[in-house]
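In: Sequence and predicted structure are below.
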Amino acid sequence: MAEKSEEIIFLRRAREGDFAAFGELIRKYQSLVYAVALPIVSDPSAAEDVTQDTFVSAFQSLKDLRSDDSFPAWLHSISRNRALARLRERNRITPLEKAGMLPSSPLPSREEIEVEAKEARAFEAEIRQVLCSLSDALRFPVLLCYLGDMPTAEAARFLGIKEGTLRKRLHDGKKKLQERIVKMAERSLREYRLPPGFYRRCICGCERAQRGRPPIKKTRERR
């Protein structure tokens, strides 16, 4: 509750033009906004730009926020819309020798469907990789019961083991899957962390936007 009250105070100060107060909100939500943008634009540098644009837009539109309690959801909506706009812009730009004019922008609903399908395919590939890392004793029960919807008694007969043994292997397999999926996610996310001091760049972007100047975009260095 104290943290929520502090956030409301920062929001009220930010509405009055306090960049430092808004900077605290950036520090709190920058990783979440980046996590929304990255799967959509599929590029760390572009995701950083989207994250910065999101906070600049949010700062300029704070007066339109109806309820301070809805700030996180409102910020999430801005970040997703910005990321989808960035994706549409990238898809619209084609070599002039291949097109006499720029094609019209696809419908947002189609963009969202494509993004969701891409995320689903990537998730399925990761699950297959984790499944292949299990031993045969654990993998087969998981495949038969969780993916094949086979009753445990029937799966046990198929594998030539007791049903109690199969249930134990299912439990162990599920636990190992969870552990390995978490480890995989941690390894992947380490590669896409925002650089130290990123929130300061966002604050500078807010200040420049306040003065009517475009925010500076910094090219992400390869790690």
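Out: That came through, no problem. No experiment lies behind these values; they were computed from the predicted model shown.

In: Domain-wise, how is the protein divided?
Out: The record's domain split for the chain, according to automatic domain parsing, is 2-93+194-210, 108-190.

In: correct me, but Leu38 touches Ser45?
Out: No. In this structure Leu38 lies outside contact range of Ser45 using Cβ atoms under 8 Å: 10.4 Å. Every residue, glycine included, has its C-beta placed from N, CA and C.

In: Those two: who's more crowded?
Out: Leu38 (19 against 14; other Cβ atoms under 10 Å).

In: Could you list the low-pLDDT ranges of the protein?
Out: Along the chain, the model assigns pLDDT under 70 to residues 1-3, 93-109, 111-112, 188-192, 213-223.

In: helices or strands next to the longest helix anywhere in the chain in the packing?
Out: The helix spanning the most residues in the chain, taking DSSP state H as the definition, is helix 163-190. Contacts defined by 3 or more Cβ pairs under 8 Å, 6 or more residues apart in numbering; DSSP states H and E place helix 163-190 against helix 108-132, helix 136-142, helix 152-159.

In: now the ones you listed in JSON lines, with distance to Gly23 and mean neighbour count?
Out: Formatted as JSON lines, the helices and strands packed on helix 163-190 follow (distance: least, Cβ to Cβ, whole Å; neighbours: other Cβ atoms under 10 Å):
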{"stretch": "helix 108-132", "distance to Gly23": "30", "mean neighbour count": "12"}
{"stretch": "helix 136-142", "distance to Gly23": "47", "mean neighbour count": "18"}
{"stretch": "helix 152-159", "distance to Gly23": "55", "mean neighbour count": "16"}
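
In: Which one, of the ones you listed, ends up nearest to Gly173?
Out: Counting by Cβ to Cβ, Gly173 lies closest to helix 136-142 out of the helices and strands packed on helix 163-190; the figure is 3.7 Å.

In: Tell me which other helices or strands that closest one touches.
Out: helix 108-132, helix 152-159, helix 163-190.

In: what's the closest of those helices to Gln30?
Out: helix 163-190 (13.9 Å).

In: how far off helix 108-132 does that closest one point, in degrees?
Out: Counting by axes from the mean of the first three to the mean of the last three Cα atoms, to 10 degrees, helix 163-190 lies at 120 degrees to helix 108-132.

In: Helix 163-190 vs helix 152-159, what angle?
Out: 90 degrees.

In: ok, Ser119 - contacts?
Out: Wrong residue type there; residue 119 is Glu, not Ser. Counting by Cβ atoms under 8 Å, 6 or more residues apart in numbering, Glu119 touches Pro39.

In: Distance check, it against Phe59.
Out: 29 Å (Cβ to Cβ, to the nearest Å).

In: do you know which of the helices and strands packed on helix 136-142 lies nearest Asp68?
Out: helix 108-132 (27.8 Å).

In: gap between the closest one and the chain center?
Out: Chain-centre distance of helix 108-132: 13 Å, with Cα atoms, centre = their mean, to the nearest Å.

In: With stretch 139-159 instead?
Out: Put simply, stretch 139-159 sits 33 Å off its chain's centre (Cα atoms, centre = their mean).

In: Is there a neighbour count for the closest residue to Ala46 other than its chain neighbours? I'd like the number.
Out: With sequence-adjacent residues excluded and distances taken as Cβ to Cβ, 6 or more residues apart in numbering, Ala46 is closest to Arg86, at 6.0 Å. Using other Cβ under 10 Å, Arg86 has 19 other residues around it.

In: Run the angle between whichever strand or helix holds Arg86 and helix 108-132 for me.
Out: Element membership of Arg86 [criterion: DSSP states H and E] is helix 71-92. For helix 71-92 against helix 108-132, the angle by the same axes, to 10 degrees is 100 degrees.
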